[in-house]
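Peer 1: need the 3D shape of this:
(chains A and B, ligands or ions: 2)
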Amino acid sequence: MAQLVCQNLSIGYDGKAILNDLSFSVNAGDYLCILGENGSGKSTLMKTILGLQSPINGKVMTGDGLRPNEIGYLPQQTMVQKDFPASVREVVISGCHGRCGFRPFYSRKEKELADKMMEKMGVGHLSKCCYRELSGGQQQRVLLARALCATQKILLLDEPFAGLDPKVTGQLYELIDELNHRDGITIIMISHDINIALEHASHILHIGKNVFYGTKEEYVERGAWHMLVGSGGGKE
Amino acid sequence: MNAIFSKLTMYMQYPFVRYALVVGVLIAFCSSLFGVMLVLRRFSFIGDGLSHVAFGAMAIATVLKVTSNMLLALIITVVCAILLLRTGQNTKIKGDATLAMLSVGALAIGYLLMNLFSNSSNLSGDVCTILFGSVSILTLTQTEVWLCVVLSVVVVSIFVLFYNKIFAVTFDENFAQATGTKVELYNLLIGIIVAVIVVLAMNLVGSLLVSALVIFPPLSAMRIFKSFKGVTICSAALSVFCALIGMLVSILGGTPVGSTIVAVDIAAFVLACIIGKVLRRWCA
Ligand SMILES: Nc1ncnc2c1ncn2[C@@H]1O[C@H](COP(=O)(O)OP(=O)(O)OP(=O)(O)O)[C@@H](O)[C@H]1O
Ligand SMILES: [Mg+2]
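Peer 2: Ligands and ions are numbered 1, 2, ... in the order given. The predicted structure is shown next:
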């Protein structure tokens, strides 16, 4: 069975659907890029997949031995209280709490993991700093480090590149590629950059008036005119 | 100085003074631990609302002449906390309104009940005691002290055991839920503990001043420290210190216990603000 299956999914708020009848499945090791205009419901879809809000219709199923505590998530916006006192290290290591279960404290392995991820994201030197006093891009990297701590199998990223400088963006793409290819972590990413998405992803989900789901090659074949003309042709 | 000291030693010989000190320190400690989280989640108000519910419960207990009115208040408040957290989880505004309704309603009904059914000669004195806790801490029975000690131990051990979860759930509830933490379970646990703390704290400072005990030490600590751990530890230490000073002053000066503790807390807050400003200037 696939790692993640969405079946006839309708999503929206307060019983009003934004997207109807969405069906697709993600296999282990896939690199899925979700494209779509502002307000088309990408973030909503991701929240529904994560179980943060319930679908209006249809269902989301996990399979292939994927447990809920093996998901890494980078939200589009984190509404952290402006006055929340938390050091970078505390934030990053809080990504590990899913794997603790009911164990109250972090093990040495998890502490090392947090340190490693901070280094990887280039925020190691900030570890004692206060999270709320960082710049937007630095905060984004910290949250990414946290997401990397949380995941062993699947990583869901909602516009991970918002606010990052080009150098870090490039590094991050490489890092995600590496996680995908070497560690076999499934990636589901929301992005606005179609070109880069096409370069890295294996599958594309385009949502909007017309919904497309398929491999990158299929998307290239029919996607271009599909998007430009904006009518018909897309396969479910 | 010597006179003060001998006066203190004299007071220390009375068991009720010792009880009061022990209970006061324990309550200050517990409430400031969870206060950090309550302030950060904009739950400061829940302390207020629950304490009014506890006031209503105390009033009922007084009218019914239940012997251990602390236990009854505890049970009713915990039930209310659970109900509140269950209804007010997703729709924030609704939860807020419910809380306000409950808080004012309980206060009114409680006073009404006491007025109608109490045959105490000193009604306003009784009410004042519950609202401001002026003397009730000095009239604690040994059972109440033990109840308080046991509950404090439970509260503190839960806090230590779930410290990391509490941080995760407080910092980013969505992330915690998305990565497989049972957020609702922890919210429930937190609600119950807060209810317990509120009821305990009412004995010390009274129903109207509970929020002060919960809010001031964390706010002061947040002026100075920037990590969650630092704030938690500082707030607990500060709260215990202020409670001790406040109680000693009130014993020596004959001032009401609750208000004195809160006054010391306020002084500490002002001090912390100044220290925070100076530190920031130095570091920058
Ligand atoms: N909390 C909410 N309550 C009601 N409607 C909402 C809520 N959040 C979003 N919406 C609506 O749902 C639609 C989809 O929003 P969503 O955030 O999923 O868009 P998106 O595709 O992620 O856009 P963006 O590219 O800007 O991130 C929007 O039209 C928005 O108005
Ligand atoms: Mg979005």
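
Peer 1: mind listing the strands for the stretch 101-250 of chain B?
Peer 2: Counting by DSSP state E, counting those that start in this stretch, the stretch 101-250 of chain B has no strands to list.

Peer 1: how about the residues of it that lie near chain A?
Peer 2: B:160-165, B:167-168, B:171-172, B:174-181, B:222, B:225-231 (CB under 8 Å from any CB of the partner chain). All C-beta spots, glycine's among them, are computed from the backbone N, C-alpha and C.

Peer 1: any stretches of the chain with poor pLDDT?
Peer 2: The chain I'm using is chain A. By pLDDT under 70, the weakly predicted segments of chain A are A:78-82, A:223-236.

Peer 1: wrong one, chain B
Peer 2: B:43, B:66-70, B:85-96, B:118-139, B:203-204, B:283-284.

Peer 1: count the neighbours of residue 30 for me.
Peer 2: Using chain A. 19 (other CB atoms under 10 Å in any protein chain shown).

Peer 1: nope, chain B please
Peer 2: Neighbours around B:C30, by other CB under 10 Å: 27.

Peer 1: same question, B:M12
Peer 2: 12.

Peer 1: isn't it up against B:R18?
Peer 2: Yes. B:M12 lies in contact with B:R18 (CB atoms under 8 Å); the separation is 6.4 Å.

Peer 1: name all residues that make contact with the closest residue to chain B within chain A.
Peer 2: Distances from chain A to chain B, computed as CB to the nearest CB, single out A:N69 as the nearest residue at 3.1 Å. By CB atoms under 8 Å, 6 or more residues apart in numbering or on different chains, A:N69 lies in contact with A:G98, A:R99, A:G101, B:T179, B:G180, B:T181.

Peer 1: ok, now with 6 Å
Peer 2: A:G98, B:G180 (CB atoms under 6 Å, 6 or more residues apart in numbering or on different chains).

Peer 1: gap between it and A:L35?
Peer 2: Distance of A:N69 to A:L35, computed by CB to CB, to the nearest Å: 29 Å.

Peer 1: returning to that earlier point: check the gap between the residue of chain A closest to chain B and A:A197 for me.
Peer 2: For A:N69, the distance to A:A197 - CB to CB - is 28 Å.

Peer 1: what helix or strand is A:G137 on?
Peer 2: Following DSSP states H and E, one finds A:G137 within helix A:136-150.

Peer 1: give the buried residues for that helix.
Peer 2: A:138-150 (16 or more other CB atoms under 10 Å in any protein chain shown).

Peer 1: greatest separation within the residues you listed: which pair is it?
Peer 2: Farthest pair in the buried residues of helix A:136-150 (CB to CB) is A:Q138 and A:A150. Separation: 19.3 Å.

Peer 1: ok, and the closest non-adjacent residue to the residue in chain B that ligand 2 sits nearest to?
Peer 2: Closest to ligand 2 within chain B is B:N174: 13.3 Å, counting by CB to the ion. Excluding its sequence neighbours, the residue lying closest to B:N174 (CB to CB, 6 or more residues apart in numbering or on different chains) is A:L52, at 5.5 Å.

Peer 1: secondary structure class for the one you found?
Peer 2: The three-state assignment at A:L52 reads coil, by DSSP: H, G, I helix; E, B strand; the rest coil.

Peer 1: for it, give its distance to ligand 1.
Peer 2: Distance of A:L52 to ligand 1, computed by CB to the nearest ligand atom, to the nearest Å: 11 Å.

Peer 1: burial measure for that residue, as a count.
Peer 2: With other CB under 10 Å as criterion, A:L52 counts 17.

Peer 1: quick one: A:A197 and A:S191 touch, right?
Peer 2: Yes. The pair A:A197 / A:S191 is scored as a contact, 5.0 Å apart, by CB atoms under 6 Å.

Peer 1: need the overlap of contacts for these two.
Peer 2: A:C33.

Peer 1: phi, psi of A:I154?
Peer 2: phi -140, psi 140 (degrees, to the nearest 10).

Peer 1: quick one, domains of chain A?
Peer 2: A:1-66+A:153-236, A:79-152 (automatic domain parsing).

Peer 1: highest mean neighbour count out of the ones you listed?
Peer 2: With neighbours taken as mean count of other CB atoms under 10 Å in any protein chain shown, the domains of chain A reach their highest mean count in domain A:79-152, at a mean of 19.

Peer 1: how about the helices of the chain, start to end?
Peer 2: Using chain A. A:42-50, A:88-93, A:97-100, A:108-120, A:136-150, A:166-181, A:194-200, A:216-229 (DSSP state H).

Peer 1: actually it's chain B I care about, not the one you picked
Peer 2: B:2-12, B:15-40, B:44-64, B:69-87, B:92-117, B:123-132, B:142-161, B:163-171, B:173-178, B:183-205, B:210-224, B:228-253, B:257-283.

Peer 1: rebuild these as TSV, extending it with distance to A:K216.
Peer 2: What follows is the helices of chain B, written out as TSV (distance: least, CB to CB, whole Å):
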stretch	distance to A:K216
helix B:2-12	79
helix B:15-40	43
helix B:44-64	51
helix B:69-87	46
helix B:92-117	41
helix B:123-132	69
helix B:142-161	48
helix B:163-171	36
helix B:173-178	26
helix B:183-205	36
helix B:210-224	49
helix B:228-253	43
helix B:257-283	50
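
Peer 1: export these to CSV and tack on distance to ligand 1?
Peer 2: Shown next, in CSV, are the helices of chain B (distance: least, CB to the nearest ligand atom, whole Å):
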stretch, distance to ligand 1
helix B:2-12, 58
helix B:15-40, 22
helix B:44-64, 23
helix B:69-87, 19
helix B:92-117, 12
helix B:123-132, 40
helix B:142-161, 32
helix B:163-171, 20
helix B:173-178, 12
helix B:183-205, 18
helix B:210-224, 29
helix B:228-253, 28
helix B:257-283, 35
